[in-house]
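Q: Structure for this input, please:
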Amino acid sequence: MIYIGSETILSPNGNVVDCFKKIAEKKSGVSKIPGNGFKGESFYCSMYLENRPDFNTLAAQTIEQLLQKSKANLLTEESTLLIISTTKGDLSKGFENAIISPAKFLYEKFKLKHFPLIISNACASGVMAINAAAAFIENKQYQNIIVLGIDMITDFIVYGFQSLYAISDEHCKPFDNDRKGINLGEGAGAVLLSASKDVFTSTPVCFLGGSSSNDANHISGPSRTGEGLFRSINKTFNSAGIKTEDIDFISAHGTATVFNDEMEAIAFNRLNMQHIPVNSFKGFTGHTLGAAGVIETALCITCMHENKLLPSAGYYNKGTTVELNLIKDAASATINTVLKTASGFGGCNASLLLQKIK
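A: Numbers count the residues shown, from 1 in each chain. All right, here's what the predicted structure looks like:
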């Protein structure tokens, strides 16, 4: 059995408790940033507007908060590994050092026994990092693994998405007919995976399984048939011995781009999951890139503990060719088993399953 918990978030929308409460009340962390885009264009994002931390400070603070929910000396044990999930890392250190520099900082600051493993595979990085952590533990290479997901908004990232005409000039609307694109976000999230539930100070949940698949469709566009995501979810279900009817809630990637939302909807329908409650957190947190899978997994675990479905922001009218059961308002529900999905540039797709301890 692999356990996952000690869920932690540090973001413009607050910590994990703050984020959960605000999302339940439909309070978004996304706001208009005037004149900071390419050629002075305005855009919407979830960004620290005051007391903005630097990359290393945010990373360290997130780990420190997670450690308060777990065994105190966990990081300095031989059996513990730190995995960092990020798309661009700390670009203030330059392109050559952007990803390795934070890893060196954390290695030295926390006196780690092992140099951190870095997973950077576009916006599927967070879910893939959690899946990699579980595989290491299952193969008895480590007893405990902390997965840290972190990304910060920079001009390079904003201009890049603007060049793809992917950024919305209003609050994003995942799966809605009038969606215009993404809202970027920044922040960090962390979860602890372990072979023992004794390292947690509060009740964890079980990691049932996860997998990834690449549809090899296009450098920035997913398969129009949802093939990569379909294969990933199907593999995850088969490895965990789970069926569609066992799923209580789906946390989709839900970027509010035309191709991503349609692809996910098709994949879910191909797996006969169109009736299962589904949401996207992106309208509240923004798209936090390499941190998204970790932050959203932390929110999923909180949903399970609270037995509450959280809404998807900006959804009013069906915007996909097939049906989905989008959550419009927070609602109490028994949530025993959750599917989390993620997709990214280069055709990468990933999925994982969480379940309450029986």
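Q: Specify the local secondary structure of the nearest residue to residue 117 once chain neighbours are set aside.
A: Distance criterion C-beta to C-beta, 6 or more residues apart in numbering; nearest residue to residue 117, sequence neighbours excluded, is residue 83 at 4.8 Å. C-beta here means a position set from N, CA and C on the backbone, and glycine is covered the same way. On the three-state scheme (DSSP: H, G, I helix; E, B strand; the rest coil), residue 83 is labelled strand.
Q: was I right about residue 211 contacting residue 351?
A: Yes. Using C-beta atoms under 8 Å, residue 211 and residue 351 qualify as a contacting pair, with a distance of 6.5 Å.
Q: Now do the shared contacts for the two.
A: 232, 236 (C-beta atoms under 8 Å, 6 or more residues apart in numbering).
Q: Mind checking which of these two has more residues around it?
A: Using other C-beta atoms under 10 Å, the more surrounded residue of residue 211 and residue 351 is residue 351, with 30 against 23.
Q: shaky segments in the stretch 201-350 of the chain?
A: Low-confidence segments of the stretch 201-350 of the chain (pLDDT under 70): 219-220.
Q: picking up where we left off before, if I pick the residue nearest to residue 117, what's in contact with it?
A: Neighbours of residue 83 in contact, by C-beta under 8 Å, 6+ apart: 116-119, 129, 132-133, 145-148.
Q: Please apply the same query to residue 239.
A: Neighbouring residues of residue 239 by C-beta under 8 Å, 6+ apart: 209, 211.
Q: okay if I get the contacts of residue 83 as a markdown table plus pLDDT?
A: Listed next are these as a markdown table, based on pLDDT from 0 to 100:
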| residue | pLDDT |
| --- | --- |
| 116 | 98 |
| 117 | 98 |
| 118 | 97 |
| 119 | 97 |
| 129 | 98 |
| 132 | 98 |
| 133 | 98 |
| 145 | 98 |
| 146 | 98 |
| 147 | 98 |
| 148 | 98 |
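Q: Which among these count as buried?
A: 116-119, 129, 132-133, 145-148 (16 or more other C-beta atoms under 10 Å).
Q: Filter those residues down to the ones in strands?
A: Among the buried ones among the contacts of residue 83, the residues falling in strands (DSSP state E) are 117-119, 145-148.
Q: Could you pull out the helices in the chain for me?
A: 16-24, 55-67, 100-109, 125-138, 155-163, 227-240, 258-270, 282-285, 292-306 (DSSP state H).
Q: With respect to residue 172, which of the ones you listed lies nearest?
A: helix 282-285 (5.3 Å; C-beta to C-beta).
Q: Using CSV, write out every CA atom in the closest one.
A: Below are the C-alpha coordinates for helix 282-285, written out as CSV (Å, rounded to 0.1, in the frame of the first residue of the first chain):
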residue,chain,number,x,y,z
LYS,A,282,-8.0,26.4,-13.4
GLY,A,283,-10.7,29.2,-13.1
PHE,A,284,-9.8,29.6,-9.4
THR,A,285,-6.0,28.9,-9.3
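Q: re the thing from before, kindly reformat the ones in strands among the buried ones among the contacts of residue 83 as a markdown table containing distance to residue 177.
A: Output for those, formatted as a markdown table (distance: C-beta to C-beta, whole Å):
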| residue | distance to residue 177 |
| --- | --- |
| 117 | 41 |
| 118 | 39 |
| 119 | 35 |
| 145 | 41 |
| 146 | 40 |
| 147 | 35 |
| 148 | 37 |
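Q: which residues touch residue 291?
A: Contacts of residue 291 by C-beta under 8 Å, 6+ apart are 85-86, 126, 149-151, 186-189.
Q: what about 6 Å?
A: Going by C-beta atoms under 6 Å, 6 or more residues apart in numbering, residue 291 touches 149-151, 187-189.
Q: what's the spacing between residue 257 and residue 308?
A: 27 Å (C-beta to C-beta, to the nearest Å).
Q: With neighbour numbers in mind, choose between those two.
A: Counted by other C-beta under 10 Å, residue 257 and residue 308 do not tie: residue 257 has more neighbours, with 26 against 17.
Q: contacting residues around that one?
A: Contacts of residue 257 by C-beta under 6 Å, 6+ apart are 166, 181.
Q: now do 7 Å
A: Going by C-beta atoms under 7 Å, 6 or more residues apart in numbering, residue 257 touches 166, 181-182.
Q: Residue 115 now?
A: Residue 115 neighbours (C-beta under 7 Å, 6+ apart): 103, 107.
Q: Same question for residue 184.
A: With contacts defined as C-beta under 7 Å, 6+ apart, the neighbours of residue 184 are 45, 153, 157-158, 161, 167, 286-287.
Q: Filter these down to the buried ones and express that as a ChimeraX selection.
A: Of the contacts of residue 184, the buried ones can be selected in ChimeraX as follows, counting by 16+ other C-beta under 10 Å:
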select :45,153,157,158,161,167,286,287
